[in-house]
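Q: Provided below are the primary sequence and the corresponding predicted coordinates.
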Amino acid sequence: MKVGRGAEAPPFLVMDVITAANARAATGAHVLRMEVGQPATGAPTGAVHAAVRALQARAPMGYTEALGIPSLRARIARHYAEHYGLAVDAGRIAVTVGASGAFPLAFLAAFDVGDRIAMAAPFYPPYANILTGLGMQPVLLECGPQTRFQPSIAMLEALDPRPAGLVVASPCNPAGTMLSPAELQAISNWCDRNGVRLISDEIYHGLTWGTVPESSAAAFSDSAIVVNSFSKYWSMTGWRVGWMVLPRDLVRPVECLAQNMFISPPHIAQLTAEAAMDCSMELEANKARYAESRAALLAGLPAAGFTRIAEADGAFYLWCDVSALTNDSTEFAARMLAEADIAATPGADFDRMRGARFMRFSYCGAVEDMCAAPERLRRWLG
């Protein structure tokens, strides 16, 4: 029998690490969970209370409009005015089933089978895997410390032929580095001049540490697609709500695709997300805990042998060059879990050519666990 191209999708290795870590924890081991970008804090209290009130009122929880409930779209538009000083029409907002649901909608609306879409390597694996599954071609730009693991105009100019699209992420996963406003503006302008559709992944906005100012591609290009999510800053991973700011020419195409592919995002999750946007005090307290964990790891990991760490401008990851310790990060991660009870993600997930010498540590777990990790690693490595 025929098997489709999608059956050849590679695994998202972090999910395999989660499975292994769960099995290890089931034996009674105290596993320090540093493998996944899932905040330990959970949805803010005010948002949960809003969900409970809606359920207790027995409000109908049916299909919503494919692009989301109007009040949430308006609240997201207000967020752009308050946070970035940008006037974004709520009609350009598309609420999605997480950022993961946004990417296939964006790719299908903007590109055709066979189109080439550029992105920095290391990169978030589903970018390339979704594109490949849709019959498009990822073009990987090898980035390193010299460009802070971000693409440069020089790299883009060297592309021949020009790609149909470019995916950027600031802060990026896994490296946590950011594009400055001037760099993002220059890339946006280059894309507009060259007819390249820009997709800007901004899901870690709100989780930045003051080294580089946050900026949105929506400020620099009317043709860019901006992707964001309630999973990270708003601590709502399992609620599966994200959004896009769309160019006007893609609003109706995305709406039609969403109608057919997803019908709508979950109704109760949209109500909860809207309430979460007014829980800033609790969310900023969460951010302060991440900052404490970040500081403890940046201070402690070098003494444990992890001396080459990417600039952690934002998100909640540390991207570590471990070539002095191993040339096989997948095997290294397996031993770390089995022998030190620390779950972290091998770099092979994020960089096909160089990932064997990198590890990603997530620090959005419990502060006490993050603070304990460097000493546990030091003892393990001897």
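A: That came through, no problem. Residues are numbered from 1 along each chain as shown.
Q: residue contacts, the closest residue to Ala54 other than its chain neighbours?
A: Leaving aside its chain neighbours, Ala54 sits nearest to Leu271 (5.3 Å; criterion: Cβ to Cβ, 6 or more residues apart in numbering). Where you see a C-beta, it was placed from the backbone N, CA and C, and this is true even at glycine. Shown in contact with Leu271 (Cβ atoms under 8 Å, 6 or more residues apart in numbering): Ala50, Ala51, Ala54, Ile69, Leu72.
Q: so which strand or helix has Leu271?
A: If you go by DSSP states H and E, Leu271 is part of helix 267-276.
Q: Excluding chain neighbours, give the residue nearest to the residue most central in space within the chain in space.
A: The centroid of the chain falls nearest to Ile203 when counting by Cα atoms, centre = their mean (5.3 Å). The shortest distance from Ile203 to any non-neighbouring residue, by Cβ to Cβ, 6+ apart, is to Ser229 (4.2 Å).
Q: of all the contacts of Leu271, which comes closest to Ala9?
A: Leu72 (31.0 Å; Cβ to Cβ).
Q: thinking again about what came up before, following element in sequence after the helix holding Leu271, please.
A: Downstream of helix 267-276, the first helix or strand assigned by DSSP H and E is helix 280-304.
Q: buried stuff in that next one?
A: Using 16 or more other Cβ atoms under 10 Å as the test for burial, helix 280-304 gives 282-283, 286-287, 289-291, 293-294, 296-297, 300-301, 304.
Q: And for it, what's in contact with it?
A: Applying Cβ under 8 Å, 6+ apart, the contact partners of helix 280-304 are 39, 41, 44-46, 206-207, 209, 233-235, 276, 307, 309, 312, 316, 318, 320, 361, 363-365, 367, 370-371, 373-375, 377-378, 381.
Q: rerun at 6 Å
A: With contact meaning Cβ atoms under 6 Å, 6 or more residues apart in numbering, helix 280-304 is reached by Thr41, Pro44, Phe316, Leu318, Tyr363, Cys364, Val367, Met370, Cys371, Pro374, Leu377, Arg378.
Q: Tell me which two in those residues are the farthest apart.
A: Checking these with Cβ to Cβ, the most distant pair is Pro44 and Arg378, at 35.2 Å.
Q: The closest residue to Ile93 other than its chain neighbours: neighbour count?
A: In space, and not counting its chain neighbours, Ile93 is closest to Arg73: 4.2 Å by Cβ to Cβ, 6+ apart. Here the number of neighbours of Arg73 (other Cβ atoms under 10 Å) works out to 23.
Q: In three-state terms, label His205 for me.
A: Under the three-state scheme (DSSP: H, G, I helix; E, B strand; the rest coil), His205 adopts coil.
Q: ok so, going back, compare the contacts of Leu271 and tell me which is most surrounded.
A: Neighbour tally across the contacts of Leu271 (other Cβ under 10 Å): the maximum, 26 neighbours, falls on Leu72.
Q: which residues in the stretch 101-250 of the chain form strands?
A: 116-121, 137-142, 165-169, 197-201, 225-229, 242-245 (DSSP state E, counting those that start in this stretch).
Q: Strand partners (parallel or antiparallel) of the fifth one?
A: In this case it means strand 225-229. strand 197-201 (parallel), strand 242-245 (antiparallel) (DSSP bridges).
Q: if we can go back for a sec, can I assume the residue nearest to Ile93 is in contact with Ala94?
A: No - counting by Cβ atoms under 6 Å, Arg73 stays clear of Ala94, with 8.0 Å between them.
Q: residue contacts, Arg240?
A: The neighbours of Arg240, taking Cβ under 6 Å, 6+ apart as the test, are Val97, Gly98.
Q: Buried ones in stretch 136-149, by neighbour count?
A: Applying 16+ other Cβ under 10 Å to stretch 136-149 flags Met136, Gln137, Pro138, Val139, Leu140, Leu141, Cys143, Thr147, Arg148, Phe149 as buried.
Q: could these be laid out in JSON lines, adding pLDDT and distance to Val14?
A: Below are those laid out as JSON lines (pLDDT from 0 to 100; distance: Cβ to Cβ, whole Å):
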{"residue": "Met136", "pLDDT": "97", "distance to Val14": "23"}
{"residue": "Gln137", "pLDDT": "97", "distance to Val14": "24"}
{"residue": "Pro138", "pLDDT": "97", "distance to Val14": "18"}
{"residue": "Val139", "pLDDT": "98", "distance to Val14": "23"}
{"residue": "Leu140", "pLDDT": "97", "distance to Val14": "19"}
{"residue": "Leu141", "pLDDT": "98", "distance to Val14": "22"}
{"residue": "Cys143", "pLDDT": "97", "distance to Val14": "20"}
{"residue": "Thr147", "pLDDT": "96", "distance to Val14": "24"}
{"residue": "Arg148", "pLDDT": "96", "distance to Val14": "23"}
{"residue": "Phe149", "pLDDT": "97", "distance to Val14": "18"}
